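Trainee: Fold the following, please.
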Amino acid sequence: INGHYKNKELGVNYDKIKASLVFDGKKMVLDTVWVKQKTGLFSITGEMEFDSTIVKGNIISSSLTADARNFFLAQHRNYEVLIDANTFVRTGDKNPEFGGKIKVIRSDVFLPAFMSDGKNIDENDIPMLVEAVFPKSDSLLLKIKTEKQISRSEKMQAALLDNLTGKLNVEIPRNTWIKSDDMRIELRGDVDIVKTGPYFELFGNIDIVRGQYVLYGRKLKIKESEIIFQGGEKLDPNLNFTAEYVYRGSDKQKRYLELRVNGKISEPEITFILDGNEITE
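Mentor: Down below sits the predicted model:
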């Protein structure tokens, strides 16, 4: 009752936390865990069943449901994320499964804060509630644990992840901003995170609604563009991107220069259009 969790570096300040656990033989029931904010609420319910005792036994089945309503996962000077969510994870006799929906009501990310070599990533830097909402990838886990001994329970978790299947929908209705000192872009989109085999896949579109980018002191207007995810083991979406720069030539007439980027991110095709005609530079 009246618990709290605060981490200034991550921008996490969860106050008014309540939890209720029920122990019944080989079963532990998470009757209620909820975190209340001024205008939002996050709750988790679920249960775990063990093959022998809760202290020494292995988990043979579990279920977890996480719901969020107008809830700030994080508020930091470099980012903030406000979501609605209804997600679940189930394990047991049948194949383990995840699913649900996350709606990003509002988010704002200052991109340079994330452009690092990742040397300081620590498993403990991942907020507990973020882990509850978003499935943790095995690649991230292995990266974090590179120089640490992997315990038996972690090996079991990895095996569980291998068999996990499901689909999680992420909706971005608008009002999601990616920013840097030279860039300001608003996004919308609808993406499915799918796992039917050994790896996670992404399907769907993320659209650039509007934005601008400053290049060599010139402001380029980013026109409506899209990033298209079509699944596959390697994350290599298709681009359909257009940026425009308007200026006056030596004759004082307006000129329209477009930069177009199409094709796979790994092998983009870049073209330049000046007043409707393709140019080489």
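
Trainee: Please count neighbours and contacts with C-alpha atoms only from this point.
Mentor: Noted.

Trainee: What ranges does the stretch 151-281 of the chain have for its strands?
Mentor: 165-179, 183-195, 201-215, 218-222, 225-230, 238-248, 254-264, 269-274, 277-279 (DSSP state E, counting those that start in this stretch).

Trainee: what comes into contact with stretch 255-273?
Mentor: Residues outside stretch 255-273 that contact it (C-alpha atoms under 8 Å, 6 or more residues apart in numbering) are 236-249, 274-276, 278-281.

Trainee: what do you get for stretch 55-67?
Mentor: 42-52, 84-93, 132-133.

Trainee: Could you do stretch 167-179 as well?
Mentor: 87, 98-111, 184-195, 209.

Trainee: And stretch 27-43, by the same measure?
Mentor: The contact list for stretch 27-43, computed with C-alpha under 8 Å, 6+ apart, reads 14-23, 44-50, 54, 66-72.

Trainee: Number of residues surrounding the residue lying closest to E47 once chain neighbours are set aside?
Mentor: In space, and not counting its chain neighbours, E47 is closest to V29: 4.2 Å by C-alpha to C-alpha, 6 or more residues apart in numbering. Neighbour count of V29, defined by other C-alpha atoms under 10 Å: 17.

Trainee: got it, and N175?
Mentor: N175 has 16 neighbouring residues, counting by other C-alpha under 10 Å.

Trainee: Likewise for K38?
Mentor: If you count neighbours by other C-alpha under 10 Å, K38 ends up with 9.

Trainee: ok, now F23?
Mentor: Counted with other C-alpha under 10 Å, residues neighbouring F23 total 12.

Trainee: so which strand or helix has it?
Mentor: Using DSSP states H and E, F23 falls within strand 12-24.

Trainee: which residues are contacting that strand?
Mentor: So strand 12-24 is contacted by 1-7, 28-37, 73-76, 127 (C-alpha under 8 Å, 6+ apart).

Trainee: Low-confidence ranges, the stretch 51-200 of the chain, go.
Mentor: Within the stretch 51-200 of the chain, the ranges that satisfy pLDDT under 70 run 93, 116-160.

Trainee: quick one, helices of it?
Mentor: 128-133, 138-144, 152-163 (DSSP state H, counting those that start in this stretch).

Trainee: Relative to T65, how far out is the residue nearest to E47?
Mentor: Separation of V29 from T65 (C-alpha to C-alpha, to the nearest Å): 12 Å.
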